[in-house]
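**Q** Give the three-dimensional model of this entry:
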Amino acid sequence: MFRLRDYKLKKYNFRIVLIIIALCTIGILVLNSAMINDADRTGTIRKQIIGFCAGGTAMVILSLIDYHFILKFTPIIYLGVLGLLGLIFVPGVGVSANNAVRWMSIAGFQIQPSEFAKIGLTLVFSWFFWKNQERVSHPLVVGGSLVLFAIPAVLIYKEPDLSTTLVTVFIFLAIIYTAKISYKWILGAIGIAVPAVGVVLYIAMQPDQTLINLYQINRVLSWLYPDRFKPLGLTVQQDNSVLAIASGQLHGKGLNTTSFESVKNGNFLSEENCDFIFAVIGEELGFIGSVVLIALMAFLVFECLRIASRAKDLAGRLICTGIAAQLAFQTFVNIGVATKLLPNTGLPLPFISAGVSSLLSIFMGMGVVLNIGLQRRDEALDW
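**A** Here you go, the predicted structure:
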């Protein structure tokens, strides 16, 4: 399990550690400012700091455990993911909020199983395609992977949590593509997906349809036709977010600003501690601060992919690719929503948004990535 004698300290990727520390520091500072008018500000910041400390500890421990040892337990991990996702549907266990049941309460903390499912499924499918790498394009392997993926994906979607479902889909696609599935499968999937999406959108726009929740289709339609839905108040969140970001200009108004003209201080922002925290960054840290944050995220994704290119085997490569895909997708979507480039949906900004579950899960994922880096080859692999 622990192979400390076999590891070389010079192979430990301290760049990743420094980037994460920088992101966590920014996260605490921005979150403290974002919640300046909230009564539960102190409690949230305390939980976030606990999450950083616990997550950082878990990351260091996992970075010293051979990832092959962890992969031995993938069947248990998969069943654990299904168990946690299913448990929240048990009356009295799941916690309901905003018309969704996505959480369970443990020791005073709201735990979101779908966040841990992202990391768990990354490990499971990395192991699955590693074990079947010689026949990755075989119909039984592809079909089996789709069945294994569909079960947790449906459970997440039924919470309902469409945004997290899309994250898991993106991670799965990144992993199966990196496993070098035949392009015949890829082209065939595209050929089926394009008309299927059209059919789903057509059905979703029909009266009394039950395929997609009304609030979800309204978010898409209000993004496509903002002038039509603005009188209904469906564009307010994103409109105020864009206003906040634009008002920050180059240098921003400064953290914890008391400016009367602050969009945040006027309580015009909603979900400013999570889904729209980038709006606070744009307003208070300005364009420069926003670019610094995006650059740090980009460097972190790059480091994950760099380790993937030097991984000793396919399993390590797939794990790093899956974690990089999650970081990139969530960052892109969170910022895209805050800047109105994408329809309104709820995804946390990694290491920045409030949420102990998202913190712990991504820290655990990064710990496995660091271990893969400790066992890397000295020469880059030909992808």
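**Q** which stretch of helix or strand covers Gly252?
**A** Take DSSP states H and E as the rule and Gly252 turns out to sit in neither a helix nor a strand.
**Q** for it, phi and psi?
**A** Main-chain torsions, Gly252, degrees, to the nearest 10: phi 80, psi 170.
**Q** List the contacts of the residue nearest to it when sequence neighbours are not counted.
**A** By the measure of CB to CB, 6 or more residues apart in numbering, the closest residue to Gly252 outside its immediate chain neighbours is Gly286, 3.1 Å from it. C-betas here are computed from N, CA, C, even on glycine. Each residue near Gly286 by CB atoms under 8 Å, 6 or more residues apart in numbering is listed here: Gly248, Gln249, Leu250, His251, Gly252, Lys253.
**Q** and the first one, what does it touch?
**A** Same thing as Gly248. Gly282, Glu283, Glu284, Leu285, Gly286, Phe287, Gly289, Ser290 are the contacts of Gly248 under CB under 8 Å, 6+ apart.
**Q** Likewise for the fourth one?
**A** Neighbouring residues of His251 by CB under 8 Å, 6+ apart: Gly286, Phe287, Ile288.
**Q** make it 10 Å
**A** Listed by CB atoms under 10 Å, 6 or more residues apart in numbering, the contact partners of His251 are Glu284, Leu285, Gly286, Phe287, Ile288, Gly289.
**Q** Lys264 is in contact with Glu271, correct?
**A** No - distance between Glu271 and Lys264: 11.8 Å, which falls outside the contact criterion (CB atoms under 10 Å).
**Q** And those two? Which one has more around it.
**A** Comparing Glu271 with Lys264 by neighbour count (other CB atoms under 10 Å), the higher total belongs to Lys264, at 24 against 19.
**Q** Is that one in a helix, a strand, or coil?
**A** Judged by DSSP: H, G, I helix; E, B strand; the rest coil, the three-state class of Lys264 is coil.
**Q** what lines up beside the helix or strand bottoming out on mean pLDDT in the chain in the sheet?
**A** Averaged element by element with mean pLDDT, DSSP states H and E, the chain has its least confident helix or strand at strand 94-97 (a mean of 76). In the sheet containing strand 94-97, the strands it pairs with under DSSP bridges are strand 100-106 (antiparallel).
**Q** Put the alpha carbons of the strand it pairs with into PDB.
**A** Written as PDB, here are the backbone C-alpha positions of strand 100-106 (Å, rounded to 0.1, in the frame of the first residue of the first chain):
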ATOM      1  CA  ALA A 100     -34.100  18.600  -5.100                       C
ATOM      2  CA  VAL A 101     -32.900  15.800  -2.900                       C
ATOM      3  CA  ARG A 102     -29.100  15.800  -3.300                       C
ATOM      4  CA  TRP A 103     -27.700  15.800   0.300                       C
ATOM      5  CA  MET A 104     -27.600  13.900   3.500                       C
ATOM      6  CA  SER A 105     -26.700  15.200   6.900                       C
ATOM      7  CA  ILE A 106     -23.700  13.700   8.700                       C
END
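**Q** Pull up the overlap in contacts between Glu271 and Lys264.
**A** Going by CB under 10 Å, 6+ apart, residues that sit against Glu271 and also against Lys264 are Ala34, Ala279.
**Q** Tell me which two in the contacts of Gly286 are the farthest apart.
**A** Distances among the contacts of Gly286 were taken as CB to CB; the most separated pair is Leu250 and Lys253, at 11.1 Å.
**Q** show me where pLDDT drops low in the stretch 51-200 of the chain?
**A** Regions of the stretch 51-200 of the chain meeting the criterion pLDDT under 70 cover residues 98-99, 107-109.
**Q** Can you give me the buried ones in stretch 49-67?
**A** Gly51, Phe52, Gly55, Gly56, Ala58, Met59, Leu62, Ser63, Leu64, Asp66, Tyr67 (16 or more other CB atoms under 10 Å).
**Q** give the contact list for Ser220.
**A** Small correction: residue 220 is Val, not Ser. Each residue near Val220 by CB under 10 Å, 6+ apart is listed here: Leu201, Ala204, Met205, Ile212, Leu342, Pro343, Asn344, Thr345.
**Q** ok, and the most crowded of the residues you listed?
**A** Greatest neighbour count in these, by other CB under 10 Å, goes to Asn344: 24 neighbours.
**Q** Grab the CA positions of stretch 36-43 and hand them over as PDB.
**A** Listed next in PDB are the C-alpha coordinates belonging to stretch 36-43 (Å, rounded to 0.1, in the frame of the first residue of the first chain):
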ATOM      1  CA  ILE A  36     -20.300  39.600   4.200                       C
ATOM      2  CA  ASN A  37     -24.000  40.300   4.600                       C
ATOM      3  CA  ASP A  38     -25.000  36.700   5.500                       C
ATOM      4  CA  ALA A  39     -25.800  35.700   9.000                       C
ATOM      5  CA  ASP A  40     -24.200  32.200   8.600                       C
ATOM      6  CA  ARG A  41     -21.000  33.700   7.300                       C
ATOM      7  CA  THR A  42     -18.800  32.600  10.200                       C
ATOM      8  CA  GLY A  43     -20.200  29.000  10.200                       C
END
